[in-house]
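# Build me a model:
(chains A and B)
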Amino acid sequence: MPISLYWQRLAQMARAMIGFPDYAGYVAHCRLHHPGRSLPGEAEFLRQRQEARYGGGRGRTVRCC
Amino acid sequence: MSGFFKIIVWLAVSAAAAFALGTIALHQGERISALWVVVATLCVFMIAYRFYSLFIARRVMLLDDRRPTPAVRLNDGLDYVPTNRVVLFGHHFAAIAGAGPLVGPVLASQMGYFPGMLWLLFGVVLAGAVQDFMILFLSVRRDGKSLGEMIKSELGEIPGLAALFGTFLIMVILLAVLALIVVKALEASPWGSFTVAATIPIALFMGIHLRYLRPGRIGEVSLVGFVLLIGAILLGGKVAQDPVWGPWFTFSGTQLAGMLILYGAVASVLPVWLLLAPRDYLSTFLKIGTILGLAVAIVWVAPELKMPATTRFIDGSGPVWAGSLFPFLFITIACGAVSGFHALIASGTTPKMVDREWDIRFIGYGAMLMESFVALMALATAACIEPGVYFAMNSPGAVLGGTAESAARVISEWGFVITPEMIQQTAQDVGEQTILSRTGGAPTLAVGMAQIFSALLGGKAMMGFWYHFAILFEAMFILTAVDAGTRAGRFMLQDLLGFFHAPLRNTASLSANLLATLLCVGAWGYFLYQGVTDPLGGINTLWPLFGIANQMLATVALILATVVLFKMKKEAYAWVTVLPMSWLLVTTFTAAGQKLFHDNVRIGFLAHAAKFRTALETGTLLPPAKSMEQMEQILFNDRVDALLALFFMGVVLVILGYGVRACWVALASRQVTARESLAHPATAV
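Next comes the predicted model:
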């Protein structure tokens, strides 16, 4: 694997640790399966995910002792 | 690699494991290097992963990569996302690693490092990792359903409800005990208090920055936050010495408890982006970074284990917590060996992100091995401290007397060499006024980490910095857990209250929210206050309760796993879960029974209550009570604790009863009755 890919994975892992899915992956998914749907910008996407992780989502903030 | 070569390699690993364990076992009288613990651990875990987890995956679960996972079938790019297994490992590990595996082993060290080490090694291989692996597997086969939902659908409505109630109360005890650890670490420590208080404005700054100034730049803002944190530690040292500001940040236990309760209530109703989220990012990265750093430092420094392999306190007379090795060692070290809480995480977000079924082995079993490795490092770190210092830090004030002289005298009588000068010197080295009775595990671990880190970087002059760095590292993620846990507890409570009065379930209703938040904070606040004012240090009461509750949750998870194995017509392999489940049933019920009925007042809640009732009747005051009202309060506390232990036993018995019945029914049926999402997998043509 080229080094840039390692770096990308590492950044992806760091984001996964704090509960953020891959934005590029989300966009690719939506383009493929829901063409024509208007997509949130990256900042807005992160904002929505943050709300989903901590606010009201059932059992989402479960973490260990 | 040829088959023959593989056999040679695994024989070598087994030999290394046996040699390392043998070295530790045979050198019980002398001091050996902590590296032996590392080698033994790595070899045992490699063997367990390679052989036992493969056996479970192949024979018991029949993992099949051709079966599409929920992440693939329900992919929405948000919650259900097929994720690279290494990335997902990071996500899962960050969620399961917390304060538990760091604190339990430190407290267990009073019996020496060897009993704790053996329980961690064999507990995780046969119980903890099996539980995480099984629950993740069950949840992946059920569209990522939660533990409670799975119990409901496989066992029935009533056990499902019992599990919900039990989980909420465990949450309450967990939050109380975590908060108590922070209180004990910050009591009369201006340096620590300042540093931890500084995380609030730092997190607020990060939150606003991320929201309005540079949205999305998480890495950048976390780095800035980290630099500010280091600055806060350095400044804290100055603040503590300042004649004006030092006293400002010097708090008593009850003051800190009050502040934490207030913090929990306020923080959990603030918008998440402002305080909770940014601090979660900072604490997650700090946690992972520090754990990696500690691993490197232990291997590099190779410190000596100064604690004896076993101490005389295996008979149950130890000052840190009361009770004999069986059953109390097995509930004191909960997380790291087996932790019921992991069942909630393995049925939370992780199952919705698993790409292929075979990844479950690496993530479920593997991440738990990693957590156990963290626990073993904590154990080794605590064992690197001079035993006399360890007991000075972890024995309650009522036992040690108030001064370094009295403490040194008491500890020397136990047979551990220590002088008052050594106690004072240690306090001075780490920049604290005193280290006496800093119970709760966190300060002890911090002293150990300070010794190891300063041997690597900075020498003795940096010990104060490293000590407070370690305290901050622990306090940070505990405070995040208190904040997030109060929110999660609130939702759980609203769910439960909704059974009795439907409008209370509405999470959009402000009054329902506030009511649930107050009830939740009030519940853990009560136990926290009880712990802070306890003359035996509080840990003695709360940690066993937490350990029992956590292990009982693991028992419940393993009951579910056993029932499903029967329903899958895999009863021939049910021993995989029945074995750890039976062990946990025996240890938790013996421990809970002793906590209730033991005649030693340090162990039995009811014996303690009886002592205070008799004194109340004759009108005598027993310390720490200073008035008759306080006597009544202590009596009340004992009864609440006893009731709680009884309640936990009741929950497990109900679920066990339904579990046995479900197994019976499944055994009689000729077909597979497990309720998986894909009843007839498309690939099974």
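
# okay, the helix or strand encompassing residue B:148 in PDB with CA atoms only?
Using DSSP states H and E, residue B:148 sits in helix B:147-155. Taking C-alpha atoms only, helix B:147-155 is exported to PDB below (Å, rounded to 0.1, in the frame of the first residue of the first chain):
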ATOM      1  CA  LEU B 147     -28.800  -6.400  23.900                       C
ATOM      2  CA  GLY B 148     -32.200  -5.500  25.400                       C
ATOM      3  CA  GLU B 149     -34.000  -6.000  22.100                       C
ATOM      4  CA  MET B 150     -32.300  -9.300  21.500                       C
ATOM      5  CA  ILE B 151     -33.200 -10.500  25.000                       C
ATOM      6  CA  LYS B 152     -36.800  -9.400  24.400                       C
ATOM      7  CA  SER B 153     -37.100 -11.300  21.100                       C
ATOM      8  CA  GLU B 154     -35.200 -14.500  22.100                       C
ATOM      9  CA  LEU B 155     -36.300 -14.800  25.700                       C
END
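
# Would you mind pulling the contact partners of that helix?
B:135, B:138-139, B:142, B:145, B:159-161, B:163-164, B:167, B:343-344, B:347, B:556-557, B:559-560, B:563-564, B:567, B:655, B:658-659, B:662, B:674-675 (Cβ atoms under 8 Å, 6 or more residues apart in numbering or on different chains). Where C-beta positions appear, they are placed from N, C-alpha and C, glycine not excepted.

# one more time with 6 Å
Helix B:147-155 has contacts (Cβ atoms under 6 Å, 6 or more residues apart in numbering or on different chains) with B:159-160, B:163-164, B:343-344, B:347, B:560, B:563-564, B:658, B:662, B:675.

# Mind telling me which residue of the stretch 101-250 of chain B is nearest chain A?
With Cβ to the nearest Cβ, the shortest gap between the stretch 101-250 of chain B and chain A falls at residue B:215, namely 3.5 Å.

# Next one, pLDDT for that residue please.
What the model reports as pLDDT for residue B:215 is 85.

# how about the nearest residue to it, chain neighbours excluded?
Excluding the flanking residues, the one nearest residue B:215 by Cβ to Cβ, 6 or more residues apart in numbering or on different chains is residue A:43, at 3.5 Å.

# What residues of the one helix or strand that neighbour maps to count as buried?
Per DSSP H and E, residue A:43 falls inside helix A:42-54. For helix A:42-54, burial by neighbour count (16 or more other Cβ atoms under 10 Å in any protein chain shown) applies to A:45, A:46, A:47, A:49, A:50, A:53, A:54.

# and it, how far out from the chain's middle?
Distance of helix A:42-54 from the chain centroid (Cα atoms, centre = their mean, to the nearest Å) equals 8 Å.

# related to what we said a few turns ago, pull out the buried members of the contacts of helix B:147-155.
Looks like the contacts of helix B:147-155 have B:159, B:160, B:163, B:164, B:343, B:344, B:347, B:560, B:563, B:564, B:658, B:662 buried, using 16+ other Cβ under 10 Å.

# And the furthest pair within the residues you listed?
Spatially, the most separated pair among the buried ones among the contacts of helix B:147-155 is B:344 and B:662, at 21.1 Å (Cβ to Cβ).

# ok, back up a step: list the ones among the contacts of helix B:147-155 that fall in helices.
Using DSSP state H, the members of the contacts of helix B:147-155 that fall in helices are B:159, B:160, B:163, B:164, B:343, B:344, B:560, B:563, B:564, B:658, B:662.

# Contact partners for the third one?
When you say that, I think you mean residue B:163. Residues counted as contacts of residue B:163 (Cβ under 6 Å, 6+ apart) are B:148, B:151, B:556.

# Same question for the first one.
Contact criterion Cβ under 6 Å, 6+ apart gives B:151, B:655, B:658 as the residues in contact with residue B:159.

# The last one and chain A, how far apart?
Residue B:658 is 22 Å from chain A, where distance means Cβ to the nearest Cβ, to the nearest Å.

# likewise residue B:497?
Shown here: residue B:497 relative to chain A, a distance of 15 Å by Cβ to the nearest Cβ.

# and if you look at residue B:262?
Look at residue B:262 and chain A: by Cβ to the nearest Cβ, they are 20 Å apart.

# host element of that residue?
Assigned by DSSP H and E, residue B:262 belongs to helix B:253-267.

# now swap in residue B:428 and tell me
Residue B:428 is part of helix B:420-429, with elements assigned from DSSP H and E.

# In that helix, which residues are buried?
Neighbour-count burial for helix B:420-429 [16+ other Cβ under 10 Å]: B:422, B:423, B:424, B:426, B:427, B:429.

# ditto for stretch B:246-259
By neighbour count on 16+ other Cβ under 10 Å, the buried set for stretch B:246-259 is B:246, B:249, B:250, B:251, B:253, B:256, B:257, B:258.

# quick one: contacts of it?
By Cβ under 6 Å, 6+ apart, the residues outside stretch B:246-259 that reach it are B:183, B:186, B:187, B:188, B:190, B:193, B:194, B:240, B:528, B:529, B:532.

# same deal with stretch B:643-657?
Residues contacting stretch B:643-657 (Cβ under 6 Å, 6+ apart): B:159, B:162, B:166, B:549, B:552, B:555, B:556, B:559, B:592, B:595, B:596.

# Alongside chain A, which residues does the stretch 251-400 of chain B contribute?
By Cβ under 6 Å from any Cβ of the partner chain, the residues of the stretch 251-400 of chain B that approach chain A are B:272, B:273, B:276, B:277, B:281, B:284, B:335, B:341, B:344, B:345, B:348.

# For those, pick the one with the most neighbours.
When those are compared by neighbour count (other Cβ atoms under 10 Å in any protein chain shown), residue B:335 ends up highest, at 31 neighbours.

# wait, doesn't it sit right on residue B:98?
No. Between residue B:335 and residue B:98 there is no contact under Cβ atoms under 6 Å: 7.1 Å.

# In space, what's closest to the residue positioned nearest the centre of chain B - neighbours in sequence excluded?
Note on chain B: the residue nearest the mean C-alpha position is residue B:100, at 1.9 Å, using Cα atoms, centre = their mean. Leaving aside its sequence neighbours, residue B:100 sits nearest to residue B:335 (Cβ to Cβ, 6+ apart; 2.9 Å).

# Does the one you found belong to a helix, a strand or coil?
With DSSP: H, G, I helix; E, B strand; the rest coil as the basis, residue B:335 sits in coil.
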